[in-house]
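**Student:** coordinates only, no sequence provided:
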């Protein structure tokens, strides 16, 4: 039986050999440049719903994208066939597709000097050799914890455990080739609480690179159940303007709006309110946003992006001022700016405040809110990226004298993102990491609440 290390080496060697053949086939077919992206992955998943396994399976996937340049035009094709015939077909499909595109001066590949050269060990690969029975038992523990939390929890929309192990490759006709092994493990639970003529679904999930770092099934199930039961009896509050506290999971939703407005296509198409905001004050001076692609076991850690360009540790927001965008190569060229290695998105963002102290936990943040709305979930759309106008449905709790009084639902919260960012008074020490970002709770000085 092959060791995990030997299996990895074999997968990497197969992907590299296939990429080398693609590049040669493309050269012979007239391509002026070629880029090959591959991802091979194996996954196991089990979902239990009301103590019955409703999803159970093992799958292996291979995705390959070949991008070619010809006559100043760029096109791509996708396939999962690594046979010589399959590789020739995908090359021909990509080259034929260039006939339907226009020349694009920004469409070329990265220059050799822009490509990643260092590949530190980021500890991203921790495969789990569990059977589907073991994975199913883990999921059942989460659902059992949720169902046992409170008598009002009478059903479940499911508890899911998924484990994925994979290998990614990027190769170009300029000689760049690199592989990166990785793994992602996740657990989620969605119990249903029933009240007087109503029901509420609570959802909680967690993901990590190593299974040992994953929240326990009991933690996930209990947190999901609490979110369901505590939302029972939600009511509207009168329309008003008041301070708003966003718990960390909701605050990360606001951070994603910032990232979207400071990224790629929205910028070069002049569709973002942040297009001309570099070096301007976006947050109060106590706020910083740091990016680090090289966090060990980080969910958004990468050696390089989809163009082969590395990111670096940087302050995206420093002393409240926006210092940089999130740019892949194409967007950077359209904007006449240097790329930032964000062709795959942001890397392990951390929003922080120089005012935050260890004692600024969730209870302390409720005290700072004193009277106002605590938002635990936002629903629906309602963000205009061009103007920054913000209006979304919200759920949460009403707070008086720093204490939660009753659940709130059926309301909207509205403002403008620049106004909200500028009104960020405090960030809690109750930091939470979700995927590519980490933040504590946000206290915003005032928003318009649309209610009864």
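**Tutor:** In hand now; what should we look at? Predicted model, so just to flag it, every value in this text is computed and none were measured.
**Student:** any stretches of the stretch 1-150 of the chain with poor pLDDT?
**Tutor:** Scanning the stretch 1-150 of the chain for pLDDT under 70 picks out the ranges 1-5.
**Student:** tell me where it has helices.
**Tutor:** In the stretch 1-150 of the chain, the helices defined using DSSP state H, counting those that start in this stretch lie at 4-28, 84-97, 132-149.
**Student:** for the longest one, which outside residues touch it?
**Tutor:** Counting contacts by Cβ atoms under 8 Å, 6 or more residues apart in numbering, the residues outside helix 4-28 that touch it are 2, 34, 36, 38, 40, 64, 66, 68, 82, 84, 87-88, 90-91, 94-95, 125, 127, 167, 169, 171-173, 177, 179, 181. The C-beta positions use only the backbone N, C-alpha and C, and glycine is treated the same way.
**Student:** buried ones only from those residues, please, as a PyMOL command.
**Tutor:** To isolate the buried members of the contacts of helix 4-28 in PyMOL, using 16 or more other Cβ atoms under 10 Å:
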select buried, resi 34+36+38+40+64+66+68+82+87+88+90+91+94+95+125+127+167+169+171+172+173+177+179+181
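**Student:** was I right to think residue 157 contacts residue 201?
**Tutor:** Yes: the criterion here is Cβ atoms under 8 Å, and residue 157 meets it with residue 201 at 6.0 Å.
**Student:** what about stretch 289-297, average pLDDT?
**Tutor:** Mean pLDDT, stretch 289-297: 98.
**Student:** to clarify, my last question referred to stretch 198-216.
**Tutor:** Mean predicted confidence for stretch 198-216 is 97.
**Student:** what's the local residue count around residue 384?
**Tutor:** For residue 384, the neighbour count with other Cβ atoms under 10 Å is 14.
**Student:** not counting sequence-adjacent ones, nearest residue to it?
**Tutor:** residue 390 (7.8 Å; Cβ to Cβ, 6 or more residues apart in numbering).
**Student:** if we can go back for a sec, can you redo the helices of the stretch 1-150 of the chain as CSV with distance to residue 263?
**Tutor:** Shown next, in CSV, are the helices of the stretch 1-150 of the chain (distance: least, Cβ to Cβ, whole Å):
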stretch, distance to residue 263
helix 4-28, 28
helix 84-97, 26
helix 132-149, 34
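**Student:** which one of the ones you listed is the most hemmed in?
**Tutor:** Among these, judged by mean count of other Cβ atoms under 10 Å, the one packed with the most neighbours on average is helix 132-149 (a mean of 21).
**Student:** residue 276 is nearest to which of the helices of the stretch 1-150 of the chain?
**Tutor:** helix 84-97 (35.2 Å; Cβ to Cβ).
**Student:** give the other helices and strands that that closest one contacts.
**Tutor:** Applying 3 or more Cβ pairs under 8 Å, 6 or more residues apart in numbering; DSSP states H and E, we find helix 84-97 packed against helix 4-28, strand 52-70, strand 73-79.
**Student:** each with direction, which strands does the last one pair with?
**Tutor:** Based on DSSP bridges, the pairing partners of strand 73-79 within the sheet are strand 52-70 (antiparallel).
**Student:** hmm, the residue nearest to residue 384 is touching residue 412, no?
**Tutor:** No: contact criterion Cβ under 8 Å: residue 390 and residue 412 do not qualify, at 10.1 Å.
**Student:** of those two, which one has the most company?
**Tutor:** residue 390 (21 against 18).
**Student:** pull out the buried positions in the helix or strand hosting that one.
**Tutor:** Under the criterion of DSSP states H and E, residue 390 resides in strand 389-400. Judged by neighbour count (16+ other Cβ under 10 Å), strand 389-400 contains these buried residues: 389-399.
**Student:** can I get these in JSON lines with distance to residue 380 and pLDDT?
**Tutor:** Output for those, formatted as JSON lines (distance: Cβ to Cβ, whole Å; pLDDT from 0 to 100):
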{"residue": "389", "distance to residue 380": "14", "pLDDT": "98"}
{"residue": "390", "distance to residue 380": "12", "pLDDT": "97"}
{"residue": "391", "distance to residue 380": "9", "pLDDT": "97"}
{"residue": "392", "distance to residue 380": "6", "pLDDT": "97"}
{"residue": "393", "distance to residue 380": "5", "pLDDT": "96"}
{"residue": "394", "distance to residue 380": "9", "pLDDT": "97"}
{"residue": "395", "distance to residue 380": "11", "pLDDT": "96"}
{"residue": "396", "distance to residue 380": "15", "pLDDT": "97"}
{"residue": "397", "distance to residue 380": "19", "pLDDT": "98"}
{"residue": "398", "distance to residue 380": "20", "pLDDT": "98"}
{"residue": "399", "distance to residue 380": "23", "pLDDT": "98"}
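**Student:** and residue 283, what does it touch?
**Tutor:** 317, 320, 421-422, 424.
**Student:** buried residues, stretch 197-206. List them.
**Tutor:** Buried residues in stretch 197-206 (16+ other Cβ under 10 Å): 200, 202-206.
**Student:** which of those residues lies closest to residue 150?
**Tutor:** Using Cβ to Cβ, residue 202 comes nearest to residue 150 of the buried residues of stretch 197-206, at 10.4 Å.
**Student:** what about that closest one, distance to residue 147?
**Tutor:** 12 Å (Cβ to Cβ, to the nearest Å).
**Student:** over to residue 366?
**Tutor:** In this view, residue 366 and residue 147 are 29 Å apart by Cβ to Cβ.
**Student:** show me the domain layout of the protein.
**Tutor:** Domain assignment for the chain by automatic domain parsing gives 4-230, 240-450.
**Student:** residue 135 and residue 161: what is the separation?
**Tutor:** Distance from residue 135 to residue 161, by Cβ to Cβ: 5 Å.
**Student:** how many neighbouring residues does the closest residue to residue 212 other than its chain neighbours have?
**Tutor:** Using Cβ to Cβ, 6+ apart and skipping the chain neighbours, the partner closest in space to residue 212 is residue 126 (7.7 Å). For residue 126, the count of nearby residues is 20 (other Cβ under 10 Å).
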